[in-house]
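> Have a look at this prediction, sequence included:
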Amino acid sequence: MRPLPLQTLADFCGGRLLQGDGLRLVTQISTDSRRIAEGDVFVALKGDRFDAHDYASQVAASGASALIVSQPIEGVPCAVIQVTDTLLALQNLARAYRAWHNPLVVALTGSNGKTSTKDLTTAVLSKHFPLFATKGNLNNHIGLPLTLLSLRDEHTCAITEMGMNHAGEIKTLVDIARPDAAILTNVGHAHIEFLGSQENIAWEKATLPVNIPASGHVVLNADDAYTPRIARLCQAKVITAGIGSGDVSAQNLIASSTGTTFTLDFAGTRVDATLPLLGRHMVGNAALAAAMAWSLGMAPDAIADALNTAQLSGGRLEPKVLSGIHFLDDSYNANPDSMIAGLQTLAETNAPRRFAVLGAMGELGPHAAAGHAQVGEFAASLGLDGLFTVGSSDAARITDAARSATSTTIAHFPDHTSCAAHLRELLLPGDLVLLKGSRSSAMEKILTHFQPVSA
């Protein structure tokens with residue numbers, strides 16, 4: 001954060017400075033009582049299962065410069081800012097800071113590929129702007145404000161990811177960030193448990209692009225069925241991007257074990273690119289990132305050069321080799337659409353033998369049975385050498401659906417340990433294994449059973 005006087009900070013968040021020097025400059029906001037650094041301003045949030053006010057005195061003793069609280073805190077050796085609601089104060093602070101700092105704000109949302117597209121957009125735009133991007137999964141009503149408040153003097157651009165579980169959440173994030181540009185990756189089935197239908201998901205996601213001002217930039221997926229309707233509602237100019245279609249299109253894809261080479265066509269200007277990532281859907285994400293960069297003034301050849309060295313956050317089709325076995329760690333999260341994309345990547349990657357090890361998908365609600373069966377049926381169509389599931393009865397639905405459609409080796413295991421034991425007996429050096437499931441399935445735990453044993 002740019003240095004701010006405490007009094008200005010209090011004004012930004014709609015609070016009252018009860019004690020402390022209003023002229024003292026602060027540069028860091030924190031909501032984690034376990035990670036307080038000297039001089040941090042601590043916002044004491046309340047949740048369903050915690051109240052950070054309980055740790056306020058401990059945080060002050062750790063060197064915090066100020067506390068933002070909604071209830072009386074006495075006898076602390078630091079400044080205190082009193083507010084009515086600490087979450088609302090954090091959001092108001094971020095909103096005011098964003099307006100004061102005035103960076104270019106690029107926001108991304110979508111059912112699948114948000115973080116991957118954010119990483120790719122960051123890789124490209126960082127060659128053009130000094131920027132700061134969402135770290136990890138800080139993409140909600142708390143994480144987004146913290147991202148904006150991390151902008152420093154040198155940052156002229158912020159790349160923000162916007163996630164949601166329920167209706168109305170994207171609007172809250174848009175009102176805080178006031179983005180100048182937006183990418184909508186796609187409309188799928190993620191969070192259908194809470195939204196009820198894909199149609200409802202589409203209009204929740206569309207909240208972002210339709211609120212970009214007329215002077216801004218919107219990139220939509222050329223391959224998504226909802227794009228024409230959403231585009232008609234946008235104030236800003238819309239650029240579409242996709243594989244084989246769109247204003248920016250990826251063509252002539254050639255996959256290898258280390259990535260994909262392809263041609264990017266920018267409305268007639270063609271450049272060759274190499275993406276050091278696996279998966280056809282990753283090329284689609286790269287096309288979205290390329291379209292945004294092009295809309296913001298980057299040259300096509302500079303965009304291709306940036307994509308050539310792009311990297312993703314961990315747990316997203318991340319190649320790993322342990323004990324001679326090749327793993328595709330796609331364990332970060334899952335829904336039916338991303339499961340199918342991961343399985344398609346597995347099927348298209350050269351290997352002596354290919355296996356899928358899958359966990360359950362969350363937040364499908366009444367669509368859980370159909371969604372897991374859909375994944376099982378698709379997996380059965382790929383001719384894999386083995387399909388294994390781990391954990392809950394939802395995961396077992398995948399193998400149940402596949403078992404009736406293929407002669408592939410199929411099994412369900414109650415836990416990661418028993419599955420890993422079977423894999424250690426079955427797998428040979430050079431085999432390729434996809435690990436994928438929702439975050440609650442923690443499919444990366446399989447990898448711990450293949451780590452070298454310390455002497």
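On my side now, so go ahead.

> Show me the shaky parts of the protein.
Where the chain drops to pLDDT under 70, the residues are 189-196, 314-315, 407, 452-455.

> in it, which residue is closest to the centre?
residue 115 (2.9 Å; C-alpha atoms, centre = their mean).

> Verify the stated contact: that one with residue 313.
Yes - using C-beta atoms under 8 Å, residue 115 makes contact with residue 313 at a distance of 5.6 Å. No exception for glycine: its C-beta is placed from N, CA and C like everyone else's.

> quick one: the residue nearest to the centre of the chain from residue 85, how far?
Distance of residue 115 to residue 85, computed by C-beta to C-beta, to the nearest Å: 29 Å.

> same thing with residue 375?
41 Å.

> again with residue 167
21 Å.

> and what of residue 224?
With C-beta to C-beta as the criterion, residue 224 and residue 85 are 37 Å apart.

> Same check on residue 70?
In terms of C-beta to C-beta, residue 70 sits 6 Å off from residue 85.

> So which of those two has more stuff around it?
Under the neighbour definition other C-beta atoms under 10 Å, residue 70 and residue 85 were set side by side, and residue 70 has more, 20 against 13.

> What segments of the stretch 1-150 of the chain are helices?
Secondary structure of the stretch 1-150 of the chain by DSSP state H, counting those that start in this stretch: the helices cover 6-12, 56-61, 86-101, 114-125, 143-148.

> about what we covered before: contacts only, for the residue nearest to the centre of the chain.
For residue 115, the contact set (C-beta atoms under 8 Å, 6 or more residues apart in numbering) comprises 137, 139, 161, 312-313, 316, 332.

> cool, and residue 27?
1-4, 39.

> Next, give me the two most distant ones among the residues you listed.
Among those, the pair separated by the greatest distance (C-beta to C-beta) is 2 and 39, at 14.2 Å.

> Report the buried residues of stretch 125-134.
Within stretch 125-134, the residues that qualify as buried are 125, 128-129, 131-134, counting by 16 or more other C-beta atoms under 10 Å.

> hang on, I meant stretch 226-237
Buried-residue list, stretch 226-237, by 16+ other C-beta under 10 Å: 226-227, 230-231, 234, 236.

> Likewise for stretch 234-253?
234, 236, 238-243, 245-250, 253.

> Among these, which one lies nearest to residue 17?
Set against residue 17, the nearest of the buried residues of stretch 234-253 by C-beta to C-beta is residue 236 (39.3 Å).

> How much space separates that closest one from residue 219?
10 Å.

> Mind listing the shared neighbours of these two?
In contact with both residue 236 and residue 219: 181-182, using C-beta under 8 Å, 6+ apart.

> how about the strands of the stretch 351-455 of the chain, start to end?
354-358, 386-390, 409-413, 432-436 (DSSP state E, counting those that start in this stretch).

> can you check the stretch 101-250 of the chain too?
104-109, 131-133, 157-161, 181-184, 217-221, 237-243, 248-256.

> What is the longest one packed up against?
If contacts are counted by 3 or more C-beta pairs under 8 Å, 6 or more residues apart in numbering; DSSP states H and E, strand 248-256 sits against strand 237-243, strand 259-266, helix 280-295.

> Of all those, which one is nearest residue 28?
Of those, the one closest to residue 28 (C-beta to C-beta) turns out to be helix 280-295, at 29.3 Å.

> tell me the contacts of the nearest residue to residue 64 once chain neighbours are set aside?
Excluding the flanking residues, the one nearest residue 64 by C-beta to C-beta, 6 or more residues apart in numbering is residue 42, at 4.7 Å. Taking C-beta under 8 Å, 6+ apart as the contact definition, residue 42 lies against 30-31, 33, 36, 52, 56, 59-60, 64, 66-68.

> at 6 Å what do you get?
Shown in contact with residue 42 (C-beta atoms under 6 Å, 6 or more residues apart in numbering): 30, 59, 64, 67.

> and what of residue 260?
253, 275, 283.

> measure it to residue 213 for me?
35 Å.

> Next: residue 398.
44 Å.

> So which of those two has more stuff around it?
When residue 398 and residue 213 are compared for neighbours, residue 398 comes out ahead with 31 against 12, by other C-beta under 10 Å.

> Burial check on the closest residue to the more buried one other than its chain neighbours, number of neighbours?
Spatial nearest neighbour of residue 398, chain neighbours left out: residue 376 (4.0 Å); criterion: C-beta to C-beta, 6+ apart. Using other C-beta under 10 Å, residue 376 is surrounded by 27 other residues.

> before we move on, what about residue 268?
When neighbours are counted by other C-beta under 10 Å, residue 268 comes out with 6.

> Over to residue 321?
11.

> part of a helix, is it?
No - per DSSP: H, G, I helix; E, B strand; the rest coil, residue 321 lies outside any helix segment and is strand.

> what's the spacing between it and residue 327?
For residue 321, the distance to residue 327 - C-beta to C-beta - is 7 Å.

> Sounds good, over and out.
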